[in-house]
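Provided below for reference: sequence and predicted model.
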Amino acid sequence: MRKHPNPSKAYENLEFLNSDDARTIRILSEYQEPLFRLKKHKVNNTVLFFGSARAAPENSDSVLARYYGEAEELAYLLARWAIKLKARGKNFVICTGGGGGIMEAANRGADRAGGKTMGMNISLPHEQHPNPYISPELAFEFHYFFMRKFWLVYMARAIVAFPGGYGTLDEIFEVLTLTQTEKIDRRDICVLLYGEEYWREIINMEALAKHQAIHPNDLKLFKYCSDPQDAFVFLQSRLVPHLKSPD
């Protein structure tokens, strides 16, 4: 009688798992694995930072360079405050897309405050490597942009958008669209556009209302700010109602 080797279990078959037929399984994994890990580490909610990966203090010729330090300071203030809150689990964890620039600055500020800090990286042809200030247990790597976007926004109770390019604009407008259409409850999240001079030059929101492309009330879906302390005070007032009470 011919003896056959034991067949592989389906979930150990890498050829299958990387095939087109298993795409739904990979998508589901990018939902379930972060959910499992966030529950394990008792993360209740986050403050999400968007912004350019090109903003770096060593790039002093760039107009974006100044925002690195301001993003780090704001994240530091938020994390230092959140650590002292008497609540169940971890509230208002600083979260970013995991890369360099503004993302690195925010993770760095939270790490400097002694807080846990989250990074949700995306695998790209030109690799974006996770910055070194992300807490290892809260470092995520995504293949699918839409699953990464889901997790970036789903846990967020505030979004701080620093100056950035296509990626930042894409993320901002998706969040504003979700709140405008009430797919996200307006009471559950606030959007802060940091660097008023930059954003008013890049996007003329008032013109959208003037031409009736949006309702005037849609201009209330976000707030401008240009100072870390002012931004902290505003965010603090908006975040307190979402604080989980202690056991």
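Looks like it came in fine. Small disclaimer: the values here were computed from a predicted structure and weren't measured.

Which helix or which strand is home to residue 179?
Using DSSP states H and E, residue 179 maps to helix 166-180.

who touches residue 56 in this structure?
Contact partners of residue 56, counting by Cβ atoms under 8 Å, 6 or more residues apart in numbering, are 62, 65, 68, 100, 101, 104. From N, CA and C alone the C-beta is placed, and that goes for glycine too.

One more: residue 99?
Residues near residue 99 by Cβ under 8 Å, 6+ apart: 53, 119, 121, 128, 129, 130, 131.

Can you select the buried ones from those in ChimeraX?
Buried residues among the contacts of residue 99 (16 or more other Cβ atoms under 10 Å), as a ChimeraX selection:
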select :53,119,121,128,130,131
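
which ones among the contacts of residue 99 are found in strands?
Members of the contacts of residue 99 lying in strands (criterion: DSSP state E): 119, 121.

Could I get the buried residue list for stretch 187-201?
Quick answer for stretch 187-201 (16+ other Cβ under 10 Å): 189, 190, 191, 192, 193, 194, 195, 198, 199.

Would you confirm that the second one contacts residue 161?
In this case it means residue 190. No. With contacts counted by Cβ atoms under 8 Å, residue 190 stays clear of residue 161, the gap being 11.3 Å.

Neighbour count and secondary structure for the contacts of residue 56 - can I get that in TSV?
Conversion of the contacts of residue 56 to TSV gives the following (neighbours: other Cβ atoms under 10 Å; DSSP: H, G, I helix; E, B strand; the rest coil):
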residue	neighbour count	secondary structure
62	16	coil
65	16	helix
68	25	helix
100	20	coil
101	26	coil
104	25	helix
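
quick one: which of these is nearest to residue 12?
residue 100 (35.6 Å; Cβ to Cβ).

what's the closest non-adjacent residue to the closest one?
Distance criterion Cβ to Cβ, 6 or more residues apart in numbering; nearest residue to residue 100, sequence neighbours excluded, is residue 53 at 4.9 Å.

Let me see the ranges of the helices in the chain.
With DSSP state H, the ranges of helices along the chain come out as 14-17, 23-40, 65-83, 102-112, 145-154, 166-180, 196-202, 205-210, 228-239.

which residues are contacting the one helix or strand in the chain whose mean pLDDT sits lowest?
The weakest-scoring helix or strand in the chain, judged by mean pLDDT, DSSP states H and E, is helix 14-17 (a mean of 89). Contacts with helix 14-17, where a contact means Cβ under 8 Å, 6+ apart, come from 10, 11, 22, 25, 26.

quick one: which of these has the most company?
residue 22 (18 neighbours; other Cβ atoms under 10 Å).

Skipping its backbone neighbours, what lies nearest that residue in space?
residue 16 (5.5 Å).

repeat for residue 44
Of all residues not flanking residue 44 in the chain, residue 89 sits nearest, at 4.6 Å (Cβ to Cβ, 6+ apart).

if we can go back for a sec, next, format the helices of the chain as a markdown table and append distance to residue 220.
Listed next are the helices of the chain as a markdown table, based on distance: least, Cβ to Cβ, whole Å:
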| stretch | distance to residue 220 |
| --- | --- |
| helix 14-17 | 46 |
| helix 23-40 | 30 |
| helix 65-83 | 22 |
| helix 102-112 | 25 |
| helix 145-154 | 19 |
| helix 166-180 | 10 |
| helix 196-202 | 15 |
| helix 205-210 | 11 |
| helix 228-239 | 13 |
